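Visitor: Let me see the structure of the following:
(one chain, ligands or ions: 2)
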Amino acid sequence: MEPSDQQIIISVRDLVVGFGDRNVLDHLSLDVRRGEILGIVGASGSGKSVLMRTIIGLVPKREGQITILNTDRDTASAEAINAIERHWGILFQQGALFSSLTVRQNVEFPMREYLTLSDSLRTEVAMTKLGMVGLSAQDAEKYPSELSGGMVKRVALARALALDPKIVFLDEPTSGLDPISAGEFDALIKTLQRTLGLTVFMVTHDLDSLHAICDRIAAIADGKVVVEGPMKTMLASEHPWVKAYFQGARARGEILGEPSSVSGPH
Ligand SMILES: Nc1ncnc2c1ncn2[C@@H]1O[C@H](COP(=O)(O)OP(=O)(O)O)[C@@H](O)[C@H]1O
Ligand SMILES: [Mg+2]
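Guide: Ligands and ions are numbered 1, 2, ... in the order given. The predicted structure is shown next:
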């Protein structure tokens, strides 16, 4: 059964995005459904980050239509665009925190930009968000250089949640984390999605994340979505790249560099 339009929170149609004489995305179409965790996969350089950045308006498109929360950027008023921008949170691939600001100040940053709150209320909200991602009041006064990789990602996530978003965009959120921290971060994303009713658009190459938390997956190749669906659809795909990725050696856990004797019988 086709989901009704009301369940579609982001709709991308025939999107063309390019640089110079090359189109990275070539008539790509994709729907994101309300409340789902959608994983975006594809070879390095296939345009995953470009797709995310185009949806949020950081990269111009050449053709096509993008509708978010029933708002089309091309025809929407500045107020309407501002309103949808307040309804999303973003964790970039190079999700650097401001190194000169404390953890708390980093989380307060979007609130300063978009909301008029008293200092004490803003701090209170920031501390609540930090609590939601498992960080303490002590962590709040630390600087980014004092944090582990996993903690930096958590702060970046708390900052993405600062404005109570409906949609969260995550670009490779677990890259650079060890497998245990990555697994904990995945669990956190899943918990937040459930408790806050978030819709999550997650670019990832982490097969564990894809298995553990994604409701659906969209694979990008040749500038298009070539396969889209739950994990079982990916596993059944005959598309050469999708097949190699999901059924290849890396899909069997060796991606973590663990010999099977350590990870135990499968
Ligand atoms: N601002 C830019 N200018 C020129 N080329 C770009 C720009 N951003 C991305 N690209 C190119 O677009 C392609 C897709 O990049 P990207 O979306 O970052 O890939 P990935 O799927 O690994 O996230 C790459 O070939 C990249 O070099
Ligand atoms: Mg990328």
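Visitor: And the top helix by length along the chain, what's buried?
Guide: The helix that spans the most residues within the chain, counting by DSSP state H, is helix 179-196. By neighbour count with 16 or more other C-beta atoms under 10 Å, helix 179-196 contains the buried residues 181-186, 188-190, 192-193. For the C-beta atoms, the positions are set from N, CA and C on the backbone; glycine is no exception.
Visitor: Please tell me how far the residue of the stretch 151-266 of the chain found nearest ligand 1 sits from residue 101.
Guide: Nearest residue of the stretch 151-266 of the chain to ligand 1 (C-beta to the nearest ligand atom) works out as residue 203 at 6.5 Å. Per C-beta to C-beta, to the nearest Å, residue 203 is found 26 Å from residue 101.
Visitor: Of those two, which one has the most company?
Guide: residue 203 (22 against 14; other C-beta atoms under 10 Å).
Visitor: Need the nearest residue in space to residue 147, chain neighbours excluded.
Guide: residue 155 (6.9 Å; C-beta to C-beta, 6 or more residues apart in numbering).
Visitor: roughly how far is the helix or strand harbouring that neighbour from the heart of the chain?
Guide: Element membership for residue 155, per DSSP states H and E: helix 149-160. From the chain centre to the centre of helix 149-160 is a distance of 13 Å (C-alpha atoms, centre = their mean, to the nearest Å).
Visitor: Same question for stretch 81-95.
Guide: For stretch 81-95, the distance to the chain centre is 10 Å (C-alpha atoms, centre = their mean).
Visitor: What residues sit buried inside that stretch?
Guide: Neighbour-count burial for stretch 81-95 flags 84-93, 95 (criterion: 16+ other C-beta under 10 Å).
Visitor: Can you check my assumption that residue 46 lies in a helix?
Guide: No: the assignment for residue 46 (DSSP: H, G, I helix; E, B strand; the rest coil) gives coil, which keeps it out of a helix.
Visitor: who touches residue 44 in this structure?
Guide: Applying C-beta atoms under 8 Å, 6 or more residues apart in numbering to residue 44 gives the contacts residue 205.
Visitor: okay, the most centrally placed residue in the chain: pLDDT?
Guide: Of all residues in the chain, the one closest to the mean position by C-alpha atoms, centre = their mean is residue 170, 1.9 Å from it. You'll see residue 170 listed with a pLDDT of 96.
Visitor: Spell out which parts of this structure neighbour ligand 1.
Guide: Neighbours of ligand 1 within the chain, by C-beta under 6 Å from any ligand atom: 19, 24, 42, 44-50.
Visitor: again, only this time at 5 Å
Guide: Applying C-beta under 5 Å from any ligand atom, we find that the chain lies next to ligand 1 at 19, 24, 44-50.
Visitor: one step back: and the residue nearest to the centre of the chain, its phi and psi?
Guide: The phi and psi values for residue 170, taken as degrees, to the nearest 10, are phi -120, psi 120.
Visitor: what do you get for residue 199?
Guide: The phi/psi pair for residue 199 (degrees, to the nearest 10) reads phi -100, psi 130.
Visitor: Compute the number of surrounding residues for it.
Guide: 23.
Visitor: Next up, the contacts around it.
Guide: Residue 199 neighbours (C-beta under 8 Å, 6+ apart): 9-10, 32-36, 38, 166-168, 193.
Visitor: And the pLDDT for it?
Guide: Each residue has a pLDDT score; the one for residue 199 is 97.
Visitor: That one and residue 9, how far apart?
Guide: 5 Å.
Visitor: so what sits against both of those two?
Guide: Shared contacts of residue 199 and residue 9 (C-beta under 8 Å, 6+ apart): 32-34, 166-167.
Visitor: rewinding a little: just the buried residues of stretch 81-95: which are in helices?
Guide: Judged by DSSP H, helices contain the following of the buried residues of stretch 81-95: 84-85.
Visitor: which among the buried residues of stretch 81-95 gets closest to ligand 1?
Guide: Using C-beta to the nearest ligand atom, the buried residues of stretch 81-95 come closest to ligand 1 at residue 93, 7.1 Å.
Visitor: pLDDT at the closest one, what is it?
Guide: Looking at residue 93, its pLDDT stands at 77.
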